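Visitor: got a predicted structure here, sequence first:
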Amino acid sequence: MKKMDMKKEVVLLTGANGQLGREINRILAHSYEIINIDVSYPEEACDFYHRNVDISNLDAVRGLFSDINPDVVINNAGVSVFSSFMERTIDELDHVYSVNLRGSINMINEFAKINKENKEAKRIVNIASLYGVISADPRIYTDCARNSPEIYAATKAGIIHLTKYYCVHLRDLNIRVNSVSPGGIFNPDTPQGDDFVKNYSYRCPMGRMGSAEDVANGVRFLVSSKSSYINGHNLVIDGGSSSW
């Protein structure tokens, strides 16, 4: 594991070992020191600074912040389920809620607690979703094992509102809070079905699915000083899909 360069601003990134997390890491690593947080890492992913933390566990989050006070927190960790909403179980509901909402709340609250006396400009970026803004179109899920469940959409809508809430309530701590809502991101490692990609691209005014890099560049903007007067905003990165 590499040593941290304390001359750089420190970014704490949750969900760091997922597709989007890895790309955010790559985009930001040139300018920031990244602390990568996930539930667990495979051995081949351990060549950067990381910690294994379950953000749904409040004690684990408190332990994380006991010796770290980053400049930026990126709440990227998120989970979903892919069964029909008519077959939804309590365990599935609790799992998605506990990571997507409770985990984000844990991270933000503990970050705020350690910055009560710190007036340096700090930032939080929450990763929401296009499906926290509009409903998924079930007609495009023709050959894709995944779908967009109600609990995922509800938690991502909650993330957007949490962004606005904390924008107001963390103002005295000089912490800006924004969110990013990605549209569909193509996954080259485990590609979505051909029909799904075609259907999604047809529905998108730009005629394609997004990439993890598209979203990571939006995160980089909200983390940077170039967005210093942007607060409480939900940046939708969807190629225009929410425009109709």
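Guide: That came in fine, so what should we check first?

Visitor: the strands in the protein, which residues?
Guide: Remark: strands assigned in the chain by DSSP state E are 10-14, 33-38, 50-52, 72-75, 122-127, 175-182, 234-237.

Visitor: columns mean neighbour count and distance to residue 188 on top of the ones you listed, output as a markdown table?
Guide: Every C-beta, even on glycine, is put in place using the N, C-alpha and C of the backbone. What follows is the strands of the chain, written out as a markdown table (neighbours: other C-beta atoms under 10 Å; distance: least, C-beta to C-beta, whole Å):
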| stretch | mean neighbour count | distance to residue 188 |
| --- | --- | --- |
| strand 10-14 | 25 | 21 |
| strand 33-38 | 23 | 20 |
| strand 50-52 | 16 | 23 |
| strand 72-75 | 27 | 22 |
| strand 122-127 | 25 | 20 |
| strand 175-182 | 25 | 16 |
| strand 234-237 | 19 | 18 |
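
Visitor: let's have the ones you listed in JSON lines, adding distance to residue 102.
Guide: Converted to JSON lines, the strands of the chain look like this (distance: least, C-beta to C-beta, whole Å):
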{"stretch": "strand 10-14", "distance to residue 102": "13"}
{"stretch": "strand 33-38", "distance to residue 102": "15"}
{"stretch": "strand 50-52", "distance to residue 102": "18"}
{"stretch": "strand 72-75", "distance to residue 102": "11"}
{"stretch": "strand 122-127", "distance to residue 102": "13"}
{"stretch": "strand 175-182", "distance to residue 102": "17"}
{"stretch": "strand 234-237", "distance to residue 102": "20"}
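
Visitor: rank the ones you listed by pLDDT, which is bottom?
Guide: Between the strands of the chain, the one with the least mean pLDDT is strand 50-52; it has a mean of 91.

Visitor: could you tell me how far that one lies from the centre of the chain?
Guide: Offset of strand 50-52 from its chain centre (C-alpha atoms, centre = their mean, to the nearest Å): 17 Å.

Visitor: helices or strands up against it?
Guide: strand 33-38 (3 or more C-beta pairs under 8 Å, 6 or more residues apart in numbering; DSSP states H and E).

Visitor: any low-confidence regions in this structure?
Guide: Applying pLDDT under 70 to the chain picks out residues 1-6, 42-48, 144-146.
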